[in-house]
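Asker: Return a 3D structure for these sequence lines:
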Amino acid sequence: MPRRALREGAGRPAWTGQGIGSRLLLDATAALPVVKLHCFQANTGARRFYEGRGFQAESFGDGTTNEEGLPDILYVRRR
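Answerer: All right, here's what the predicted structure looks like:
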């Protein structure tokens, strides 16, 4: 898939549920025994996505450690 298509389609409802994000996440993390990422607490769609792919919430932040100042979650997936 062309990079432009990914950039322009990211987050668009018509692209949701097509398996693109799952495939990108799998390809990007396949060789990693541990994957850590942050997600904003208010982003319920992203939370559902990561939790559905085996990520577990490890800690909850109040936003003081991120640029946006929004409460976040540290997600971790271990193989």
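Asker: From now on I want contacts and neighbour counts done on CA atoms only, so please keep to that.
Answerer: Will do.
Asker: how far is the longest helix belonging to the chain from where the chain is centred?
Answerer: With DSSP state H setting the assignment, residue counts place helix 20-29 as the longest helix in the chain. Relative to the centre of its chain, helix 20-29 is centred 10 Å away, using Cα atoms, centre = their mean, to the nearest Å.
Asker: Okay, buried residues for that helix please.
Answerer: Using 16 or more other Cα atoms under 10 Å as the test for burial, helix 20-29 gives G21.
Asker: and what of stretch 31-46?
Answerer: Quick answer for stretch 31-46 (16+ other Cα under 10 Å): H38, C39, F40, Q41.
Asker: All the strands of this structure, residue numbers only.
Answerer: With DSSP state E as the criterion, the chain has strands at 34-40, 56-61, 72-78.
Asker: Distance from the first one to the middle of the chain?
Answerer: Looking back up the chat, that one is strand 34-40. With Cα atoms, centre = their mean as the basis, strand 34-40 stands 7 Å off its chain's centre.
Asker: tell me the angle of it relative to strand 72-78?
Answerer: Going by axes from the mean of the first three to the mean of the last three Cα atoms, to 10 degrees, strand 34-40 is angled at 160 degrees with respect to strand 72-78.
Asker: who does strand 34-40 touch, helix- and strand-wise?
Answerer: The helices and strands touching strand 34-40, judged by 3 or more Cα pairs under 8 Å, 6 or more residues apart in numbering; DSSP states H and E, are strand 72-78.
Asker: strands paired with the strand it packs on, and their directions?
Answerer: strand 34-40 (antiparallel), strand 56-61 (antiparallel) (DSSP bridges).
Asker: So what touches it?
Answerer: 33-41, 50, 54-63 (Cα atoms under 8 Å, 6 or more residues apart in numbering).
Asker: try it again with 6 Å
Answerer: 33-41, 55-61 (Cα atoms under 6 Å, 6 or more residues apart in numbering).
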